[in-house]
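Peer 1: I need the structure of the sequence given here:
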Amino acid sequence: MSQTLFDKYGGVPAVTLIVRDFYRRVFKRPNLRRYFEGVAIEKLILHQIAFVSMAMGRMPHTYEGLTMKEAHSGLGISGASFDLAIDLLEDAMRDNDVSAEDRRVILAAVKKLRADIVEIK
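Peer 2: From the prediction side, this is the model:
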């Protein structure tokens, strides 16, 4: 059995550092911060930790909640905002010692969700 990226980088503690770093970067950007007004941030961070963990190869857990499309519907997220968020996630992973090759793998999984998240091309 091969080691997953999730295991390689240290599991939940490492993913938690990356996700919290990502959101610190997001909240410094007014054009991204606006999408999170009225959102329970800690709950969102926990969801994001689970999502990034799965993108890194952790076995999926049982999820009961909105689909990606439902969760982002009506927010008016633009393609440019999505791209900026991808860049910030890559920066957070790089600054938390995720290799360039592994970042590409993880970001490819995230980019597959573009159609479910972006409403404004």
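Peer 1: what about stretch 62-74, how long is it end to end?
Peer 2: One end of stretch 62-74 to the other measures 26 Å (CA to CA, to the nearest Å).
Peer 1: which outside residues touch it?
Peer 2: For stretch 62-74, contacts defined as CB atoms under 8 Å, 6 or more residues apart in numbering pick out 47, 50, 113, 116-117, 119. Using the backbone N, CA and C atoms, a C-beta is placed for each residue, glycine as well.
Peer 1: if you set the cut-off to 6 Å instead, what comes out?
Peer 2: 113, 116-117 (CB atoms under 6 Å, 6 or more residues apart in numbering).
Peer 1: Closest to Arg33 out of the residues you listed?
Peer 2: Among the contacts of stretch 62-74, Ile117 lies closest to Arg33 (CB to CB), at 16.4 Å.
Peer 1: Not counting residues beside it along the chain, what's closest to the closest one?
Peer 2: Here the nearest residue to Ile117 in space, its sequence neighbours aside, is His72; by CB to CB, 6 or more residues apart in numbering that works out to 4.7 Å.
Peer 1: Tell me the spacing between that neighbour and Gly10.
Peer 2: 29 Å (CB to CB, to the nearest Å).
Peer 1: Give the rounded mean pLDDT of stretch 97-107.
Peer 2: The average of the pLDDT scores along stretch 97-107 is 97.
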